[in-house]
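# Got a sequence here, can you model it:
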Amino acid sequence: MTRCRLCGSEALASVVDLGATPPCESFLAADQLDQPEPAYPLHLRVCTDCWLAQIPPLITPEETFKEYAYFSSYSTSWVEHARTFVADAVQRVGLGTDGSEAFVVEVASNDGYLLKHVVGRGIRCLGIEPSVNVGAAARDAGVPTLTEFLSPDTGSAVRAEHGPADLVVANNVYAHIPDVVGFTEGLRALVADDGWVSIEVQHLLTLIEENQYDTIYHEHFQYYTVASAIRALASGGLALVDVELLPTHGGSIRLWARPAEVAGEPTARVADVLAREKAAGLQELSGYTEFSARVAKVRRDLLRFLIEAAERGETVVGYGAPGKGNTLLNHCGIRPDLLAYTVDRNPYKHGRFTPGTRIPILPPEQIAADKPDYVLVLPWNLRAELVEQLSFVHDWGGRLVFPIPELSIVEVKA
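Numbers count the residues shown, from 1 in each chain. Below is the predicted model of the structure:
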């Protein structure tokens with residue numbers, strides 16, 4: 001990668017180099033364990049002209065998303081987050097409140113986790129989801145879903161067939177596409193000339209401040225501040241009108257945008273977040289220079305804990321097999337000698353192995369059967385939800401371990 005994918009500048013500076021890892025959702029079947037496994041450099045850089053943080057586009061979305069292991073509905077808190085968003089968006093955008101038929105489109109709609117709440121309100125909707133398997137699950141749940149990647153042509157075709165969308169939702173996908181300009185043009189093609197676009201994406205500010213380096217993986221091609229998001233939206237004819245700071249995924253931003261012709265002045269919240277980003281140094285190189293050293297400390301602390309636990313004869317297993325967990329496991333070089341196995345609620349992953357590190361993935365019930373001394377929680381962003389779900393480890397004196405933002409060992413209460 002020699003040029004910024006947003007502005008074309010060659011002024012790219014290194015932020016952190018995580019070595020080479022396999023794609024984070026390329027879980028292995030047992031018969032693949034003796035086969036070669038490709039790994040790709042994972043090196044985050046930032047453009048010092050437009051301040052878009054990015055990794056090289058070494059794999060394509062088609063390689064990752066045609067068959068996908070992540071089903072949103074397996075996270076209870078995420079489904080509730082979606083339900084609340086739909087209720088609030090109906091009021092904010094006024095969907096159907098004037099007696100007209102409203103139309104909502106969600107891009108990267110996964111298994112219908114969000115649009116099922118739109119369907120439940122009797123509002124016409126369509127999901128656009130590239131993964132064949134999760135799109136089929138959405139249709140089975142009664143959510144109309146088109147199996148396709150969003151492009152300007154896709155957006156125009158959907159608009160021609162279904163009409164313009166009053167609201168276009170794009171949650172946790174704006175980082176997943178290497179052609180950020182073409183994707184944004186696709187959003188503009190979908191949305192009505194007086195409509196709204198809502199985008200949720202991880203906030204680079206919290207990623208840097210909270211050492212959330214495990215969210216850097218090959219599915220995430222870029223990492224946004226509000227400042228860089230404004231420029232990205234403008235590349236497709238959209239303008240930012242409001243922003244919300246969310247706790248999801250360790251710290252996200254919800255960007256409310258409209259076609260530039262009708263957007264008007266942004267709210268005071270946009271100026272407030274831009275000021276926070278500037279104060280953190282994210283519009284100059286100094287804001288990024290210490291990140292690599294703090295990442296190295298997370299690695300050392302976690303490895304020290306696992307090695308000392310093994311030397312004491314204590315057992316450590318994992319909870320969850322998220323993409324972020326695979327960045328952490330590979331960067332730290334953790335293998336089954338230090339983490340016997342991990343578990344996951346998603347049956348799709350059962351009997352498979354984590355990419356690169358080859359750690360077995362088992363059903364969640366295995367934890368209660370084995371009663372390990374420690375459970376390493378890989379989806380640390382769901383801390384409150386999982387402390388409650390895993391409270392049963394208290395029964396045998398087990399403890400939870402959270403690796404991010406710093407190593408934390410938690411004694412849960414029954």
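
# So which residue is smack in the middle of the protein?
With distances taken as CA atoms, centre = their mean, the residue of the chain nearest its centroid is Asn172 (5.0 Å).

# what pLDDT does that one get?
pLDDT, Asn172: 91.

# dump the residue contacts of the closest residue to it other than its chain neighbours.
Closest residue to Asn172 apart from its sequence neighbours, by CB to CB, 6 or more residues apart in numbering: Glu200 at 6.1 Å. Every C-beta, even on glycine, is put in place using the N, C-alpha and C of the backbone. Residues near Glu200 by CB atoms under 8 Å, 6 or more residues apart in numbering: Ala170, Asn171, Asn172, Leu246, Thr248, Ser252, Ile253, Arg254, Leu255.

# Turn those residues into JSON lines, columns for distance to Ile307.
Below are the contacts of Glu200 laid out as JSON lines (distance: CB to CB, whole Å):
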{"residue": "Ala170", "distance to Ile307": "42"}
{"residue": "Asn171", "distance to Ile307": "38"}
{"residue": "Asn172", "distance to Ile307": "34"}
{"residue": "Leu246", "distance to Ile307": "36"}
{"residue": "Thr248", "distance to Ile307": "33"}
{"residue": "Ser252", "distance to Ile307": "34"}
{"residue": "Ile253", "distance to Ile307": "37"}
{"residue": "Arg254", "distance to Ile307": "41"}
{"residue": "Leu255", "distance to Ile307": "42"}
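
# In strands only, show me those.
Judged by DSSP state E, the subset of these located in strands is Ala170, Asn171, Leu246, Ser252, Ile253, Arg254, Leu255.

# Let me see the contact set for Ala53.
Contacts of Ala53 (CB under 8 Å, 6+ apart): Val15, Leu44, Arg45, Val46, Cys47, Leu204, Gln222, Tyr223, Tyr224, Ser228.

# tell me which residues form a beta bridge with it?
Val46, Tyr223 (DSSP bridges).

# For Leu6, see how far away it is.
Using CB to CB, to the nearest Å, we find Ala53 at a distance of 10 Å from Leu6.

# so what's in contact with those two at the same time?
Cys47, Gln222, Ser228.

# quick one: which of these is nearest to Leu187?
Nearest to Leu187, judged by CB to CB, of the shared contacts of Ala53 and Leu6 is Gln222 at 15.2 Å.

# Please settle this for me: is Val105 part of a helix?
No. Read with DSSP: H, G, I helix; E, B strand; the rest coil, Val105 is strand and lies in no helix.

# Which strand residues bridge the residue nearest to it when sequence neighbours are not counted?
Nearest in space to Val105, with sequence neighbours left out and distances taken as CB to CB, 6+ apart, is Ala165 at 4.2 Å. Counting by DSSP bridges, Ala165 is bridged to Val191.
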